[in-house]
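> build me a structure from this.
(one chain, ligands or ions: 1)
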Amino acid sequence: MKPTVSLGRIFGIKVGVHWSVLVIAGLLAYGLTGGVQDLQLWIVAIAAVVLFLGSLLAHELAHSIIARRNGMQVTGITLWLLGGVAQLGGPMPSAGAELRVAAAGPATSLALGAGFLLLAIAGAASGVVSSLVVSAIGWLAFVNVVLAVFNLIPAAPLDGGRILAGTLWAIHKDRHRAEITATQAGKLFGFGMIGLGLAGTFLNIPFVTIWTALLGWFIVSAATTEQRHARLSRSLGELRVRDVMSANPETARGWITVEAFADDARREPPRHHVFPVEQWEGGISGIVTLDALRAVAPEDRLTTRVVDVAVPLALLTTTTPDERLVDLISRPSAGRLPYALVFDAGRLAGIVAPSDLARATSLAALHPPIEPPAPPPVPRAPHLDN
Ligand SMILES: [Zn+2]
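Numbering: from 1, shown residues only. All right, here's what the predicted structure looks like:
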């Protein structure tokens, strides 16, 4: 979720707004006014919606501040269509930290709800605050409590799911198992919301709309991503790229013709199927496969260079020896070929082939999952709040 507009930093944390937040803000303001054309009503409604977005931001800031205090990286907060997203990275150091970070958001929303409620009561008692303003403050109290309660549902990626994961982690001392259980609950809950939302839309059940289904779909997809990551982390553990890569792979010279490559291969048959392609001026320009070389018609082999049939570097996955294998596999943008080139300080250090990954996964499965002494940095899927 890339913010459309940056709002700068609050407590040193980058805050941004995605354009889709305008959709929810507009819907809320329209809902509050009931579409009545009254300037005063609209001013109060818009102020209430802005304060609501501020409440969402406070919820996310609470997560972020506690996360940072527990040594995690906080990339930033973005407000969007379905609420707020706090992007947290780096190691979740302990089950306790997981619990504290997760609980901070709903606790903040509950506190805000209580604060707005007291304000509404005081406003009503004073007799000088208009009933319109009092009801707007009452609405803010209500939505903050709803926000807290909804987020406490024990289904990851909701805060309640993280609290569940932290609790199970503390009890069973198995973080990945805890994450898998919490995300499983998230998938079930999300599917339930999709079903309810669709049924509600067709049967005209009050407060149950296509919005419910949309939110359910988002929860399912976030839970699925997190679960895949947890399963991979569980089987691959702390393995790094350097542990599985083929170091110092055979390369092909990009500037020679396919014919020259074939002659060399006849004299000294290569032991691999793919080759990083060297450039005349030094460095690596891509990867070439035996299949691509073979596909060149015999009459063209004297005029086609190896580099002409190579896949350029820009279309390939590149990594470093220190990257965790689970992070490499979880990267969203896979290259055009299922190979990753490994560079160490700009120099080619190795290549990771699908067979390397398969071997690593199988070997890892032979060993029971071990809780590593230093918790690995787990890139977390965007955190959801509605
Ligand atoms: Zn939250």
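
> pretty sure residue 154 belongs to a helix, no?
No - judged by DSSP: H, G, I helix; E, B strand; the rest coil, residue 154 forms no part of a helix; its state is coil.

> mind listing what it touches?
Counting by CB atoms under 8 Å, 6 or more residues apart in numbering, residue 154 makes contact with 160, 161, 163, 164, 182, 185. Any C-beta I mention is one placed from the backbone N, CA and C, and that applies to glycine too.

> could I get the full set of strands for the stretch 201-350 of the chain?
The residue ranges that make up the strands of the stretch 201-350 of the chain, judged by DSSP state E, counting those that start in this stretch, are 246-247, 252-253, 274-278, 284-289, 311-312, 317-319, 340-344, 347-352.

> select, out of these, the one closest to residue 114.
In this view, those are compared for proximity to residue 114 by CB to CB, and strand 317-319 is the closest at 48.9 Å.

> so for that closest one, mean pLDDT?
In this model, strand 317-319 carries a mean pLDDT of 90.

> how about stretch 39-47?
Regarding stretch 39-47, the rounded mean pLDDT is 88.

> give me the contact list for it.
Outside stretch 39-47, the residues within contact range by CB under 8 Å, 6+ apart are 28, 29, 32, 33, 132, 133, 136.

> run the last query once more with 10 Å
When contacts are taken as CB atoms under 10 Å, 6 or more residues apart in numbering, the neighbours of stretch 39-47 outside the stretch itself are 25-26, 28-34, 36, 38, 130, 132-133, 135-137, 139-140.

> where does the residue of the chain found nearest the ion land in three-state SS?
Residue nearest to the ion within the chain: residue 105 (3.0 Å; CB to the ion). Assigned by three-state DSSP, the conformation of residue 105 is helix.

> go ahead and confirm it touches residue 151.
Yes - Residue 105 sits in contact with residue 151 when judged by CB atoms under 10 Å, with a separation of 6.3 Å.

> just the helices from the stretch 251-386 of the chain, written as ranges.
Assigned by DSSP state H, counting those that start in this stretch, the helices in the stretch 251-386 of the chain fall at 258-267, 290-294, 325-330, 354-366.

> deepest of those, which one?
Among those, ranked by average contacts under mean count of other CB atoms under 10 Å, first place goes to helix 325-330 (a mean of 21).

> model confidence score at the residue of the chain closest to the ion, please.
What the model reports for residue 105 is a pLDDT of 94.

> so what pLDDT did residue 334 get?
The model's pLDDT for residue 334 equals 58.

> what's the closest non-adjacent residue to residue 110?
residue 148 (4.5 Å; CB to CB, 6 or more residues apart in numbering).

> show me what counts as buried in the strand or helix carrying the one you found.
Using DSSP states H and E, the secondary-structure element containing residue 148 is helix 131-151. When neighbours are counted by 16 or more other CB atoms under 10 Å, the buried residues of helix 131-151 are found to be 133-141, 143-145, 147-148, 150-151.

> what's that helix packed up against?
For helix 131-151, the contact count by 3 or more CB pairs under 10 Å, 6 or more residues apart in numbering; DSSP states H and E identifies helix 21-33, helix 39-69, strand 83-89, helix 95-126, helix 159-172 as packing neighbours.

> the fourth one: which residues count as buried?
Within helix 95-126, the residues that count as buried by 16+ other CB under 10 Å are 95, 97-110, 112-113, 116-117, 119-120, 123.

> other SSEs contacting it?
Using 3+ CB pairs under 10 Å, 6+ apart as the contact definition, the elements that helix 95-126 packs against are helix 39-69, strand 83-89, helix 131-151, helix 159-172, helix 175-203.

> partner strands of the next helix or strand after the longest one and their direction?
For helix 39-69, the following helix or strand on the C-terminal side (DSSP H and E) is strand 73-80. Each strand that strand 73-80 pairs with, and the sense of that pairing, follows from DSSP bridges: strand 13-17 (parallel), strand 83-89 (antiparallel).

> could you see whether the ion lies near the longest one?
No - residues of strand 83-89 are not located near the ion by CB under 5 Å from the ion, the shortest gap being 7.4 Å.

> picking that back up, could you pick out which of the contacts of residue 154 are near the ion?
Among the contacts of residue 154, no residue lies close to the ion (CB under 5 Å from the ion).

> so which pair among those is furthest apart in space?
Farthest pair in those, by CB to CB: 163 and 185, 11.4 Å.

> between those two, which contacts overlap?
Here residue 163 and residue 185 have 154, 156 as joint contacts, going by CB under 10 Å, 6+ apart.

> what about stretch 64-78, how long is it end to end?
End-to-end distance of stretch 64-78 (CA to CA, to the nearest Å): 12 Å.

> mind checking how far residue 358 is from residue 50?
Residue 358 sits 53 Å away from residue 50, taking CB to CB, to the nearest Å as the criterion.

> low-confidence ranges in the stretch 151-300 of the chain?
Within the stretch 151-300 of the chain, no range satisfies pLDDT under 70.

> quick one: contacts for the closest residue to residue 114 other than its chain neighbours?
Excluding its sequence neighbours, the residue lying closest to residue 114 (CB to CB, 6+ apart) is residue 141, at 7.6 Å. Residue 141 makes contact with 112, 113, 114, 115, 116, 117, 118, 119, 120, 121, according to CB under 10 Å, 6+ apart.

> at 6 Å instead, please
113, 116, 117, 120 (CB atoms under 6 Å, 6 or more residues apart in numbering).

> isn't the last one up against residue 135?
Think residue 120. No - in this structure, residue 120 sits apart from residue 135 without contact. The criterion is CB atoms under 6 Å, and the distance is 7.9 Å.
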